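Asks: below is the sequence, then the predicted model.
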Number of protein chains: 2
Amino acid sequence: MVLLLPEDLISSDRARLTGRRLRHVREVHRAVVGEDVAVGLLGGRMGRGRVLRLDDEVLELALDLDRDPPPKLPLTLVIAVPRPKVLNRVVAAAASLGAARLVLLNAWKVEKAYWGSPRMDPEHLRAQLLLGLEQARDTVLPELRLARLFRPFVEDELPELLGGGTGLLAHPGTGQSAPSPLVAPVTLAIGPEGGWIEAEVQSLLRAGLRPLDLGPRILRTETALAVLVGKLF
Amino acid sequence: MVLLLPEDLISSDRARLTGRRLRHVREVHRAVVGEDVAVGLLGGRMGRGRVLRLDDEVLELALDLDRDPPPKLPLTLVIAVPRPKVLNRVVAAAASLGAARLVLLNAWKVEKAYWGSPRMDPEHLRAQLLLGLEQARDTVLPELRLARLFRPFVEDELPELLGGGTGLLAHPGTGQSAPSPLVAPVTLAIGPEGGWIEAEVQSLLRAGLRPLDLGPRILRTETALAVLVGKLF
C-alpha cells in the first residue's frame, strides 16, 4: 500500500507524489497509467488510487478512499531500546502488528550509545513506523514515546498507562503463562538483549505488571514481540 | 549460547574454538579465563563451558553439559522462498522458534533469481539455522528441505508430511481462524510476498491444508511466522 501524507493532496481526491514512493510505484508495483494501486491517507481512510500520470518526476493519482483502516490492537508496547541495527525492524514490526502505542524505554543493559544513534531521531523513527503501516495496510500511526529515564517513567507514568487493563512483563524463567481472558488495554514490556536486571523487574512488578514466561527459548526482540501478539490477541 | 560442533571437541569434556565464535566470546560475552559461558553441543546436550584459555588464536573450554535442549515444536513450516534480503532472518527465526522442519518451496510469485542467490546455498542456510539455534539456546537443527518444484512437492510429499495432524495455509481474506484444539503435528504454509496464486491455493487445499486468516494486516514473512507460532502453540 502507498501511504499518502496530507501534503501530497492537491485536491480532496487527487494526490501528487515524488521521491521514494514514486520510485516504489514504478519499480516495485510496476504500475502504468490507468491502473489502480492500493493507497491510504495517513490518519485517514484507505482505498485505490488510479494512476493519472507516472514519469521520472511525478506520480499523480485519482483517489477513491472507500474504507476505514483496520482497528488498532488495544496494546501499549514498552520496549527496552534495542541495538541500532535491529531498532528499525522492531519499530516497523510494532507498527505493522497494530500496536496503539510504542514506548522506547531505557534500561540498565541498554548501552548509552544507543540513545545517541541517528536511528533514535524522532523523524527517523517515524519513517520506520510509516514503513510498518504501509506493509500492514494501515494508516494510523501508533503513539510513540521515548522514555530516557527508567524510574520516572515506570513509577510515575506506567501505572496510569495500564488504565485498569492487563500489564505483562516478558521475563524468562518465571514459568508464568498469560492470564486468560485478558482485560484490555494490554501493556506489554519487553527487555533488552541481556534482560532486565532484578531491580528493574521489581519496579515493573510494583507498577502493576505481572510476569509472563515465553518458555526456554530466548527470542530476538522483534520475534518475541510478534509471538506475544499472536498469543495475546 | 555458544554452539559447539562435534569437530570442536578435543576430548569428551574439552572444546577448542577459533574464528567467529572465538571473536564472539571475546567481544560480545567479554569472557575472561575462569568464567563460564553458556554452551551447547550441536545435536546434543547443553550446559556451561569454563574458559581455560582465551587469546587471539584460540578459546579453550572445559565442558559441563548437564541438560537437554528444549523440545522442538511439532511444526513443519512450508515457506515460499522469500527475497534474499529477508531469507536469512526467516530461516534463523524458524530455527529459533523451534520448528522441527523447514521446507523452502517454490511458488508462482517467487522470482526465479531467488533460487540462484548464494544465500540459498545449503551451507549458507545451515549457518543461518545455527545462528537461530544459538539465539534460542537450542542444539537441534531443524530438518531443512528445498522444494524447487511446487506441484510434485505439494501433490506427492505434502499429504504424507501432514501425518494425520493439522495442516494450515496462511491466506488473507478467508475469515477462517485456527481450529482448536490443534492435532499435532502441525504443518503451516506461508506464501510469498505477493501471495499464493489461486491454483496454488487449490493445490494446497487438496493436499489437506485448511485456510487460516491472520486478519486484515499484511505482515512480513518472519513477522507472520512468529505471530502464527504464538497463536498456535
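Replies: Here it is on my side, so go on.
Asks: ok, now which ones touch A:Leu225?
Replies: Neighbouring residues of A:Leu225 by C-beta atoms under 8 Å, 6 or more residues apart in numbering or on different chains: A:Leu77, A:Ile79, A:Val90, A:Ala93, A:Ala94, A:Leu97, A:Ile190, B:Ala226. Bear in mind the C-beta positions are built from the backbone N, C-alpha and C, glycine included.
Asks: so which of those residues are in strands?
Replies: In this view, the contacts of A:Leu225 that belong to strands under DSSP state E are A:Leu77, A:Ile79, A:Ile190.
Asks: isn't A:Arg16 right next to A:Ile10, touching?
Replies: Yes. Taking C-beta atoms under 8 Å as the definition, A:Arg16 is a contact partner of A:Ile10 at 5.2 Å.
Asks: which one of those two has more residues nearby?
Replies: Between A:Arg16 and A:Ile10, A:Arg16 has the larger neighbour count (other C-beta atoms under 10 Å in any protein chain shown), namely 18 against 11.
Asks: so how far is the strand or helix carrying that one off the chain centroid?
Replies: Assigned by DSSP states H and E, A:Arg16 falls within strand A:14-17. Distance, stretch centre to chain centre, for strand A:14-17: 26 Å (C-alpha atoms, centre = their mean, to the nearest Å).
Asks: in it, what's buried?
Replies: For strand A:14-17, burial by neighbour count (16 or more other C-beta atoms under 10 Å in any protein chain shown) applies to A:Ala15, A:Arg16, A:Leu17.
Asks: I'd like to know the beta-bridge partner residues of the residue lying closest to A:Ala170 once chain neighbours are set aside.
Replies: Excluding the flanking residues, the one nearest A:Ala170 by C-beta to C-beta, 6 or more residues apart in numbering or on different chains is A:Ile190, at 4.9 Å. For A:Ile190, the beta-bridge partners are A:Ile79, A:Ala170 (DSSP bridges).
Asks: looking at it, A:Ile190 is touching A:Val78, isn't it?
Replies: Yes. The pair A:Ile190 and A:Val78 qualifies as a contact (C-beta under 8 Å) at a distance of 7.3 Å.
Asks: hmm, back to that, now distance to B:Leu59 too, for the contacts of A:Leu225, in JSON lines please.
Replies: Below are these laid out as JSON lines (distance: C-beta to C-beta, whole Å):
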{"residue": "A:Leu77", "distance to B:Leu59": "37"}
{"residue": "A:Ile79", "distance to B:Leu59": "33"}
{"residue": "A:Val90", "distance to B:Leu59": "31"}
{"residue": "A:Ala93", "distance to B:Leu59": "34"}
{"residue": "A:Ala94", "distance to B:Leu59": "37"}
{"residue": "A:Leu97", "distance to B:Leu59": "39"}
{"residue": "A:Ile190", "distance to B:Leu59": "31"}
{"residue": "B:Ala226", "distance to B:Leu59": "32"}
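Asks: CSV for the residues you listed, including neighbour count?
Replies: As requested, the contacts of A:Leu225 are exported to CSV (neighbours: other C-beta atoms under 10 Å in any protein chain shown):
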residue, neighbour count
A:Leu77, 26
A:Ile79, 25
A:Val90, 24
A:Ala93, 28
A:Ala94, 27
A:Leu97, 27
A:Ile190, 25
B:Ala226, 29
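Asks: now those residues as a markdown table including distance to B:Gln202 and pLDDT?
Replies: Shown next, in a markdown table, are the contacts of A:Leu225 (distance: C-beta to C-beta, whole Å; pLDDT from 0 to 100):
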| residue | distance to B:Gln202 | pLDDT |
| --- | --- | --- |
| A:Leu77 | 38 | 98 |
| A:Ile79 | 41 | 98 |
| A:Val90 | 37 | 97 |
| A:Ala93 | 32 | 98 |
| A:Ala94 | 35 | 98 |
| A:Leu97 | 30 | 98 |
| A:Ile190 | 40 | 97 |
| B:Ala226 | 28 | 97 |
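Asks: out of everything not next to it in sequence, what's closest to the most centrally placed residue in chain A?
Replies: Per C-alpha atoms, centre = their mean, the C-alpha nearest to the average position across chain A is that of A:Ala95, at 2.4 Å. Closest residue to A:Ala95 apart from its sequence neighbours, by C-beta to C-beta, 6+ apart: A:Gly132 at 2.9 Å.
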